[in-house]
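Peer 1: Requesting a structural model of the entry that follows:
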Amino acid sequence: MKFRIEYKKELNPSQFQAVNIIKGSLLVIAGAGSGKTRTLTYRVARLVEEGISPSAILLLTFTRKAAQEMLKRASRLLDNRCEDVAGGTFHSFAYSILRKYASKIGFDHGFSIIDRSDSESLISMLRKEMKGVSKSGALPRKQTLANIFSRAVNKNLSIEDIIFDDYPHFSRHLESIHAISNAYRKQKAEHNFFDYDDLLIYLEMLLKDHPDVRDKICSTYHYLMVDEYQDTNKIQAEIVNLLAGNNNNVMVVGDDSQSIYAFRGANFENIIRFPEIFPGTQIIRLEENYRSVQPILKLTNIIIDRAKQKYSKTLFTRKCGGSLPLLVNAGSENRQSQFVVERIQTLNRNGVPLNQIAVLFRASFHSFDLEIELNREGIPFIKVGGFKFIESAHIKDVLSHVRLLFNPYDKLSWYRILLLLDNIGPKTALDIFESISAEQSGYAGLFKKKLKAKQSKSLDRLKNLFSSIDPSAMSVIRLGEAVVKYYTPILKNKYDDHPKRAKDLEHLLTIMERYDNLERFLTDMALEPPNTSSHDGLFTDNPDDDRLILSTIHSAKGLEWHAVFIIWALDGRFPSTHAVHDEKALEEELRLLYVAATRAKEHLFFTYPRTVYDRISGKVLSRPSRFLDDIPDDILEKCSTMTF
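Peer 2: Residues are numbered from 1 along each chain as shown. Predicted coordinates:
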């Protein structure tokens, strides 16, 4: 068969082999910087060019942006048919399937999705109710409870296991935590709420318990591709298994060496055991690296070779030159910061833009001293962290009003917007909601409720808002503008930095302009929210935004820079003292260092303070990370800040 794309010419031998295998199960171990996205993109084009219907291909990724980018690239390679491939995240795919078949598992098709902060708000209400009956003292905070419930789902463990493993100091609260968990599930069911974890749980349940539905879905999608398979949890791996059906045409791509999200429930065993789950699996390794110079790859190959459980691979490049990575022994934390700042200034003077330099660290607090030095020297920087755009209180406030236009019986949204008003407290807010819910009167219930004069006056503007809005006749942007106009006086009264937050609301309205369907907008805000606020961006494609990047390693995965500094490469900090006696945790810390080091293209530096007193262990930490022990000087150059 004659193909329009010259696949053999465009791809290296391993990539071509991965793209060329159409039938059966395939595991592609894609080393760092080895063209994983390129391989997936060309395989989409190849399947379509082979004559396979785009609607029979399902591409599952961990971000919608990744799926969209791959399908756009495939369309540019071949034609617009590639845009008809079903591509999205596990959660968005689950949402689309459950919208069709919710009744099969006992739910209404009009369920609402609640995000993490909504989950915490609901848990907070239940926690307050439980406080009065708990005999074991102060209960865990709402964020901790949400973590416990989510980890239990994603790790497929009991709440007891999570508490004893991760929060043993809360074991005395076990009975109360169970009670809150049960009440949380009940409340979600009563109000037709699904949280993120529910989407996966109920999709798995649907596929397992309803063979007729599973067969129908499997007959629709004959070819399944999964990106970043090392980041899947047990439920996601089981969903892949169920979706593969009898076709068994499943290709998963990932890198066991970059499995670093166990704290989110990612299961390293999924990628290791894939060939056992799918007998006859062909394994292809992508080892040619297009990012880093060979001296960096020589070091990273040695680091990851120390992992006990892995798919062996040796990364190589055709790029020439490059200096040896450097391990720097600093006299103190502040001297470490000074060294990093001095080297950044030197690189910048030699033509490396600041936005092509990154300082990476294991934990956010590791950069505090460095931030002081950067400010002192006037070096602009961005630090990855803080609240996501969608989690900002003012954004949540506006979205809560909009959500009520779609679902007038959304308890969390009513509670939130009513508490914004003067003279309305938690009890009154709940009374108003219960009245609206009992009468099934929607926003009209606001007009019927008898309240004290002051409370009634507080509600007048809200009543006017809802009486002036018609969700069935108004566009999404007009609804948004009406809500923002109503909310602006509240914003000014509530926040000293309201001008800055007002810009966020403008940004939200810009996003709303893209939508002609309110449900679609709310779904995307819950499943694929924007990452940052307009005034606190993290990464940018704008070359004029020349700022140094400070980032945790977890946030840096998938990115690359000309020069990378990995600070606090000190044993007891990296790996942490907590991981030293846990083999699985220690292996993940090793992979974390590998991920950090493979972000560098040309220059790589490790630094550590020479003497640090650790209050937890009562020891003085003074040696470099054990992951860098005994590496020859011709692979990793060692020096002290005393020599600079």
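
Peer 1: now the helices: where do they sit in the stretch 451-600 of the chain?
Peer 2: 453-467, 476-494, 498-512, 518-527, 553-556, 583-597 (DSSP state H, counting those that start in this stretch).

Peer 1: Pick the most deeply packed of these.
Peer 2: Highest mean neighbour count of the helices of the stretch 451-600 of the chain: helix 583-597, a mean of 21 (counted as mean count of other C-beta atoms under 10 Å). Where C-beta positions appear, they are placed from N, C-alpha and C, glycine not excepted.

Peer 1: what's in contact with that helix?
Peer 2: Identification of contacts with helix 583-597 by C-beta atoms under 8 Å, 6 or more residues apart in numbering yields 32, 257-260, 262, 268, 296, 299-300, 303-304, 306-309, 325, 360, 362, 553-554, 556-557, 564, 566, 569, 574-576, 578-580, 604, 625, 627.

Peer 1: hmm, back to that, closest one to L174 among the helices of the stretch 451-600 of the chain?
Peer 2: Evaluated over these, closeness to L174 peaks at helix 583-597, with 23.7 Å, by C-beta to C-beta.

Peer 1: average pLDDT for the helix or strand following that closest one?
Peer 2: Helices and strands here follow DSSP states H and E; after helix 583-597, the next one along the chain is strand 600-609. Averaged across strand 600-609, the pLDDT comes to 95.

Peer 1: Over to stretch 411-419?
Peer 2: Per-residue scores along stretch 411-419 average to 89.

Peer 1: now swap in stretch 127-146 and tell me
Peer 2: According to the model, stretch 127-146 has a mean pLDDT of 72.

Peer 1: re the thing from before, can you select the buried ones among the contacts of helix 583-597 for me in ChimeraX?
Peer 2: Of the contacts of helix 583-597, the buried ones go into a single ChimeraX selection, burial set by 16 or more other C-beta atoms under 10 Å:
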select :32,257,258,259,260,262,268,296,299,300,303,304,306,307,325,360,362,553,554,556,557,564,566,569,574,575,579,604,625,627
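
Peer 1: Out of the contacts of helix 583-597, list just those in strands.
Peer 2: Taking DSSP state E as the definition of strands, those contribute 360, 564, 566, 604.

Peer 1: Redo the residues you listed as a markdown table? Include distance to L26.
Peer 2: Listed next are those as a markdown table, based on distance: C-beta to C-beta, whole Å:
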| residue | distance to L26 |
| --- | --- |
| L360 | 32 |
| V564 | 32 |
| I566 | 34 |
| L604 | 33 |
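
Peer 1: between these, which is nearest V483?
Peer 2: Nearest member of the ones in strands among the contacts of helix 583-597 to V483, counting by C-beta to C-beta, is L360, at 40.0 Å.

Peer 1: OK, contacts around the closest one?
Peer 2: Counting by C-beta under 8 Å, 6+ apart, L360 touches 551-553, 556, 564-567, 596, 599.

Peer 1: quick one on the thing from earlier: out of the helices of the stretch 451-600 of the chain, which is closest to L374?
Peer 2: Nearest to L374 among the helices of the stretch 451-600 of the chain is helix 553-556 (17.5 Å), distances taken as C-beta to C-beta.

Peer 1: contact partners of that closest one?
Peer 2: In contact with helix 553-556 (C-beta under 8 Å, 6+ apart) are residues 260-261, 358, 360-362, 384-385, 538, 566, 592-593, 595-596, 599.

Peer 1: so which of the helices of the stretch 451-600 of the chain comes closest to I180?
Peer 2: helix 518-527 (22.6 Å).

Peer 1: How far does that closest one sit from its chain's centre?
Peer 2: Here helix 518-527 is found 17 Å from its chain centre; the criterion is C-alpha atoms, centre = their mean, to the nearest Å.

Peer 1: And for stretch 585-595?
Peer 2: Taking mean C-alpha positions (C-alpha atoms, centre = their mean), stretch 585-595 and its chain are 19 Å apart.
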